[in-house]
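Q: Got a sequence here, can you model it:
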Amino acid sequence: MKIKKGDEVIVIAGKDKGATGKVLRVDRSRERVVVEGVNIITKNIKADAQRAGKESGRVQVEAPLHVSNVALVEDGKPVRIGYRIDEDGTKVRVSRRTGKEI
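A: Modelled structure (predicted):
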């Protein structure tokens, strides 16, 4: 998976197409990412002993998106990612559009 936590991404498919945000979590086994402010759902929360001091009610949270529905952003445009091996042997991500390191 070429997208990591903290990357700036744009949604390229779905109801939030065109929205940008920062990746909060990555689930590699399910190929999902959670993007800040994107794919908001409303959850009903019950009051219980474990959540002492917190009320029941409705909260809005970000739901996971499939990684194929997002792309990294460079200069406001979606870019594809490749890899390059530097002289010292480290593997770095590069933009396929400009060739710059990400």
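
Q: Check the protein and tell me which residue is nearest its centre.
A: Val23 (3.2 Å; C-alpha atoms, centre = their mean).

Q: Show me where the protein has its helices.
A: For the chain, applying DSSP state H gives no helices.

Q: for it, longest strand please?
A: strand 20-27 (DSSP state E).

Q: Just give the strands next to that one in its sheet, each with its orientation.
A: The pairing partners recorded for strand 20-27 under DSSP bridges are strand 8-11 (antiparallel), strand 32-35 (antiparallel).

Q: Minimum distance to Arg80: which of these has it?
A: strand 8-11 (12.3 Å; C-beta to C-beta). C-betas here are computed from N, CA, C, even on glycine.

Q: Now find how far off-centre the closest one is within its chain.
A: From the chain centre to the centre of strand 8-11 is a distance of 7 Å (C-alpha atoms, centre = their mean, to the nearest Å).

Q: Residues contacting it, please?
A: For strand 8-11, contacts defined as C-beta atoms under 8 Å, 6 or more residues apart in numbering pick out 3, 17-23, 33, 35, 38-39, 65, 69-73, 78.

Q: give me that answer again for 10 Å
A: Residues outside strand 8-11 that contact it (C-beta atoms under 10 Å, 6 or more residues apart in numbering): 3, 16-23, 33, 35-36, 38-39, 65, 67, 69-74, 76-79, 102.

Q: Generate a PyMOL selection restricted to the buried entries among those.
A: With 16 or more other C-beta atoms under 10 Å as the criterion, this PyMOL line picks the buried residues out of these:
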select buried, resi 3+16+19+20+21+23+33+35+38+39+65+67+69+70+71+72+73+74+79+102
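
Q: Which ones among the contacts of strand 8-11 map onto strands?
A: Among the contacts of strand 8-11, the members falling in strands (DSSP E) are 20-23, 33, 35, 65, 70-74, 77-79.

Q: that older thread, next one: the longest strand of the chain to chain centre, how far?
A: When distances are taken as C-alpha atoms, centre = their mean, strand 20-27 is centred 2 Å away from the chain's centroid.
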